[in-house]
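Chemist: Have a look at this fold, sequence not included:
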């Protein structure tokens, strides 16, 4: 058995970037992206200042989260232990980029597929060393077989005090650093100063300590002087898809509740219109998912070349099962078959909940994003589905006679109150420094406006107040609940967008 690994000797590195240039030349890496790069940090204060260099790249982890989440096995482990990739299988979902705790993957703008360091495996297979090893003028890059105790790499690791990046992620990385400053390996201990870097101005694609974080925090011990850009990967399309499938799933969950309450014989408002609404938003979910792919024409690879460990694949099957049950509900509704709706009640409600909630398991596979690892994410998503379902029926009540309007209003209110309690618990619970910084970004930094004014005010406070007024005053008019439902849906998107973006706001390299 062979397990190839790297030793990067920061004591010997002179920051010449020969490895970066050689890598770009060897693999035709386009401008603006890198498989390997050199990071500079500066410690101390004038005149006692030190500059430290660290080479950053894929860590070829033993337990590689990028491989687990990849829906088509485009990322795979070669026989020599290297985590390699096959661009012909990549659909460009970018899940691996959020799964990687080391910021090692990038979208190749020339091919719209995910690329990274692959150990120059094409060279290794013919007995050559990686290009970066050949050009390093100080022999600061050493490669070898970690399973061979006589290899130079194994000997250096055994004789020296070495470190790895993000050991708390338990990925068993196979890139080791000798003499590296811990501040260089941990991006949460440095920040990019407001005056930019050595040769470049700071841009939004250079993630640093999120806005709102205390610049005098003693945990920050250095400044980043040179690094590469790493754009955010998941944005409004992912936020939108979380909302559209919450609406689809929640609508059918509330419809199932109405059948359980004995209203299955109400053909239009229970049997026909809800599955039509759910179908539209389920289709919109699919559109958003496909549109977010860098290779949308390959979307069918999710089913034809599936990696069944990926929740992107499992989620696709969940959505398809839910779509089939929703269609069956619609057919039964058209046939005015109340008995069939009773049979479909439980599986449809469960499928709706699964459609709304499976993303919690997908986000849990994004090991690089600590904010998304919260165990409260699943109950939050389910509460959002109940809220969205109640909102849809409250709005429907403006246009048709919806049975049990009081039950619908209680669904809306209960969902909103559950979200409020869960989000409040999430924000006040202790977590890693990564979580703390992401929460600050969401509540006090760049995304605070959409979180407080959108997510909290429009999504929680306004709907709760309006529904409470309608319930307490026994108001028959559907106007207030409908307004509450609309406000809840708008707020739901604002909250999800803040949550998705804040989770990616913390630097990983």
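Modeler: Looks like it arrived, so ask away. Just so it is clear, the model here is predicted, and its values are computed rather than measured.
Chemist: Now do the one helix or strand residue 257 maps to: which elements does it pack against?
Modeler: Secondary structure here is read from DSSP states H and E; on that basis residue 257 sits in helix 236-260. For helix 236-260, the elements it packs on are helix 273-291, helix 311-334, helix 338-357, helix 377-396, helix 405-428, helix 479-503, judged by 3 or more CB pairs under 8 Å, 6 or more residues apart in numbering; DSSP states H and E. Backbone N, C-alpha and C define where each C-beta goes, glycine included.
Chemist: list the buried ones in stretch 407-427?
Modeler: If you call a residue buried by 16 or more other CB atoms under 10 Å, then stretch 407-427 has these buried ones: 407-409, 411-413, 415-420, 422-423, 426.
Chemist: what do you get for stretch 476-492?
Modeler: Residues of stretch 476-492 classed as buried under the neighbour-count rule (16+ other CB under 10 Å) are 478, 480-492.
Chemist: any chance of the residues you listed in JSON lines, plus pLDDT and distance to residue 309?
Modeler: Compiled in JSON lines, these are given as follows (pLDDT from 0 to 100; distance: CB to CB, whole Å):
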{"residue": "478", "pLDDT": "95", "distance to residue 309": "46"}
{"residue": "480", "pLDDT": "96", "distance to residue 309": "47"}
{"residue": "481", "pLDDT": "96", "distance to residue 309": "43"}
{"residue": "482", "pLDDT": "97", "distance to residue 309": "43"}
{"residue": "483", "pLDDT": "98", "distance to residue 309": "44"}
{"residue": "484", "pLDDT": "97", "distance to residue 309": "41"}
{"residue": "485", "pLDDT": "98", "distance to residue 309": "38"}
{"residue": "486", "pLDDT": "98", "distance to residue 309": "39"}
{"residue": "487", "pLDDT": "98", "distance to residue 309": "39"}
{"residue": "488", "pLDDT": "98", "distance to residue 309": "35"}
{"residue": "489", "pLDDT": "98", "distance to residue 309": "33"}
{"residue": "490", "pLDDT": "98", "distance to residue 309": "36"}
{"residue": "491", "pLDDT": "98", "distance to residue 309": "34"}
{"residue": "492", "pLDDT": "98", "distance to residue 309": "30"}
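Chemist: With distance to residue 294 added, can I get the residues you listed in TSV?
Modeler: TSV is the format used below for those (distance: CB to CB, whole Å):
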residue	distance to residue 294
478	44
480	44
481	41
482	39
483	39
484	38
485	35
486	34
487	35
488	33
489	29
490	29
491	30
492	27
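Chemist: ok, so of the residues you listed, who is nearest residue 458?
Modeler: Taking CB to CB as the measure, residue 491 is the one of the buried residues of stretch 476-492 closest to residue 458, at 3.6 Å.
Chemist: What residues does the residue nearest to the closest one when sequence neighbours are not counted make contact with?
Modeler: Closest residue in space to residue 491, ignoring its immediate chain neighbours: residue 459 at 2.0 Å, by CB to CB, 6 or more residues apart in numbering. Under the criterion of CB atoms under 8 Å, 6 or more residues apart in numbering, the contact list for residue 459 reads 416, 419, 487, 488, 490, 491, 492, 494, 495.
Chemist: Throw those residues into TSV and include distance to residue 324, thanks.
Modeler: Output for the contacts of residue 459, formatted as TSV (distance: CB to CB, whole Å):
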residue	distance to residue 324
416	30
419	29
487	33
488	28
490	30
491	31
492	26
494	32
495	30
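Chemist: Can you tell me which of those is closest to residue 383?
Modeler: Relative to residue 383, the closest of the contacts of residue 459 is residue 419; by CB to CB it sits at 4.7 Å.
Chemist: so that closest one makes contact with residue 379?
Modeler: No. Here residue 419 lies out of contact with residue 379, judged by CB atoms under 8 Å, at a distance of 9.2 Å.
Chemist: if I pick residue 137, what's in contact with it?
Modeler: With CB under 8 Å, 6+ apart as the criterion, the residues that contact residue 137 are 14, 16, 18.
Chemist: repeat that for 10 Å
Modeler: 12, 13, 14, 16, 18, 19 (CB atoms under 10 Å, 6 or more residues apart in numbering).
Chemist: measure the last one to residue 7 for me?
Modeler: The spacing between residue 19 and residue 7, counted by CB to CB, to the nearest Å, is 13 Å.
Chemist: overlap in contacts of these two?
Modeler: Overlap between the neighbourhoods of residue 19 and residue 7 consists of 140, 141, taking contacts as CB under 10 Å, 6+ apart.
Chemist: Can you report how many residues lie near residue 158?
Modeler: For residue 158, the neighbour count with other CB atoms under 10 Å is 9.
Chemist: shouldn't it be in contact with residue 149?
Modeler: Yes. Because the distance of 7.8 Å satisfies CB atoms under 10 Å, residue 158 is recorded as touching residue 149.
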